[in-house]
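In: Here is the input, now give the coordinates:
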Amino acid sequence: MGDDLLDMLASETSRRRETLIAGVQALASSGPDPDRVEQLRVDAHGIKGAAMVVGQERLAELARLIEEALAASADSGQIESGLATNIVRAVNALYEGTQAAASEAEEPPAVAESVQALGG
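Out: Numbering: from 1, shown residues only. As a prediction, the model looks like this:
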């Protein structure tokens with residue numbers, strides 16, 4: 001896959017990273033907000049799709065697990081603090097993974113650790 005597409009994936013993940021992290025942390029410490037959970041799920045879904053398009057199956061899997069964790073919290077509108085910690089770590093691992101893919105580096109260990117932590 002072209003370097004430009006991997007750079008776009010890294011850029012897209014970077015753009016959505018802070019939104020995801022801030023949103024998950026806010027939901028873990030505030031009252032329920034199902035709409036916010038859904039917005040975050042859509043962000044994770046977007047990263048998953050972008051990773052799939054550029055052939056980054058492992059990163060797409062991690063994004064899918066993040067998306068599923070958020071979807072499971074949609075009805076309550078809240079994210080339990082332990083799950084929030086795992087999601088934040090996974091988002092950071094996803095960011096690191098996309099940066100590594102764009103620079104043709106090895107997958108960071110945090111990707112495998114986050115896949116395992118989220119049940120993949």
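In: Next one: the residue most central in space within the chain from Glu104, what distance?
Out: Residue closest to the average C-alpha location in the chain (C-alpha atoms, centre = their mean): Val91, at 4.0 Å. Between Val91 and Glu104 the computed distance is 22 Å (C-beta to C-beta, to the nearest Å). Glycine gets a C-beta too; all of them are placed from N, C-alpha and C.
In: Over to Val88?
Out: 27 Å.
In: what does Ser76 give?
Out: 41 Å.
In: Quick check: next helix or strand after the biggest helix by length in the chain?
Out: Longest helix in the chain, counting residues (DSSP state H): helix 3-29. Next in sequence after helix 3-29, counting helices and strands by DSSP states H and E, comes helix 34-53.
In: and Ser76 and Glu104? which has more neighbours close in?
Out: Ser76 (12 against 8; other C-beta atoms under 10 Å).
In: Number of residues surrounding the residue lying closest to that one once chain neighbours are set aside?
Out: Spatial nearest neighbour of Ser76, chain neighbours left out: Pro32 (6.1 Å); criterion: C-beta to C-beta, 6 or more residues apart in numbering. Pro32 has 14 neighbours, counted by other C-beta under 10 Å.
In: pretty sure Pro32 contacts Gln78?
Out: Yes: judged on C-beta atoms under 8 Å, Pro32 makes contact with Gln78 at a distance of 4.8 Å.
In: chain center to the helix or strand where the residue nearest to the centre of the chain lies, what's the gap?
Out: Assigned by DSSP H and E, Val91 falls within helix 81-102. Here helix 81-102 is found 6 Å from its chain centre; the criterion is C-alpha atoms, centre = their mean, to the nearest Å.
In: could you say what helices and strands it packs with?
Out: helix 3-29, helix 57-72, helix 109-117 (3 or more C-beta pairs under 8 Å, 6 or more residues apart in numbering; DSSP states H and E).
In: hang on, the earlier thing: the residue nearest to Ser76 and Asp43, how far apart?
Out: From Pro32 to Asp43 the distance is 19 Å (C-beta to C-beta).
In: ok, now Val115?
Out: Noted for Val115: a distance of 19 Å to Asp43, by C-beta to C-beta.
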